[in-house]
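[1] Everything below, folded, please.
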Amino acid sequence: KGVGYESIYEDQLNFYKDKMDALNVRYAQQKNNKFEKVPHIIFQHMGIQEYNDAFNATASGKAILLFGKQLETPCPGLVNTGQFDLMKSLNAKGMFVGHDHVNTFGILYEGVLLGYGGQAGNSNTYYLNKEEPKNGVVITISGSDLKLNAEPDYLDKQSTSEGQKPSGGNTGTNTPSDDS
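    Sure thing, here's the model as predicted:
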């Protein structure tokens, strides 16, 4: 083992796959003569290595910064366990994490929205950039194909000029569905 954070374990990935397989047996639908797995969103504490890949890919246009900023380098586990590829194969539409307390971004990367839940911690506990007020993310889900819209919601609107959201990218998107 090296120095750093632990990665998600194989038994956790197997648990996720087994639960999604069971949901797919029960709820998956035929759409355009194609078996469509149940769309879903993942919430977990620690990000995965693809958060770094996604942010780096915005420079080349291979990923789209939808909202927020990178205010610290994402700190995923040391080992890429294949969770992102598994998520895509199981039809995950988004993942939201919180480990990196000051990052506020949401990036559309390879069809999956990788985002942070915002920074709502006590300013005495976590570093908060004074230019980026405390915030959360409002996630709106619509339709059976899980069109996902996420945008920051600033908890301390007085920290911004006249309650306006600071700039830092587009505020929200719909993740693409297979038929769009």
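
[2] And the longest helix seen in the chain, what's buried?
    Using DSSP state H, we find that the single longest helix of the chain is helix 10-27. Using 16 or more other Cβ atoms under 10 Å as the test for burial, helix 10-27 gives 13, 16, 20, 24. No exception for glycine: its C-beta is placed from N, CA and C like everyone else's.

[3] May I have that helix as CSV, with CA atoms only?
    What follows is helix 10-27, C-alpha atoms only, in CSV (Å, rounded to 0.1, in the frame of the first residue of the first chain):
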residue,chain,number,x,y,z
GLU,A,10,-13.8,-4.8,-5.1
ASP,A,11,-16.5,-6.1,-2.8
GLN,A,12,-18.2,-2.7,-2.9
LEU,A,13,-18.1,-2.6,-6.7
ASN,A,14,-19.6,-6.1,-6.7
PHE,A,15,-22.3,-5.0,-4.3
TYR,A,16,-23.2,-2.1,-6.6
LYS,A,17,-23.2,-4.3,-9.7
ASP,A,18,-25.3,-7.0,-8.0
LYS,A,19,-27.9,-4.4,-6.7
MET,A,20,-28.1,-2.7,-10.2
ASP,A,21,-28.4,-6.1,-11.9
ALA,A,22,-31.4,-6.9,-9.6
LEU,A,23,-33.0,-3.5,-10.3
ASN,A,24,-32.5,-4.1,-14.0
VAL,A,25,-34.2,-7.5,-13.9
ARG,A,26,-37.2,-5.8,-12.3
TYR,A,27,-37.4,-2.4,-13.9
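
[4] after it, next one along is what?
    Later in the chain than helix 10-27, the nearest helix or strand by DSSP states H and E is strand 29-31.

[5] strand partners of that next one, parallel vs antiparallel please.
    Strand pairing for strand 29-31, determined by DSSP bridges: strand 34-36 (antiparallel).

[6] what ranges do the strands span in the protein?
    Taking DSSP state E as the test, the strands found in the chain are 29-31, 34-36, 40-43, 63-67, 92-97, 106-109, 112-116, 135-142, 147-154.

[7] wait, which of the buried residues of helix 10-27 is closest to Val137?
    Proximity of the buried residues of helix 10-27 to Val137 (Cβ to Cβ) peaks at Tyr16, which lies at 21.8 Å.

[8] pLDDT below threshold where in the chain?
    1-3, 119-133, 144-148, 152-180 (pLDDT under 70).

[9] For it, identify the residue most remote from the centre.
    Computed with Cα atoms, centre = their mean, the maximum C-alpha offset from the centroid of the chain is found at Asn33, amounting to 29.8 Å.

[10] what's the burial count for the residue nearest to Ser142 when sequence neighbours are not counted?
    Leaving aside its sequence neighbours, Ser142 sits nearest to Asn149 (Cβ to Cβ, 6 or more residues apart in numbering; 7.4 Å). Using other Cβ atoms under 10 Å, Asn149 has 16 neighbouring residues.
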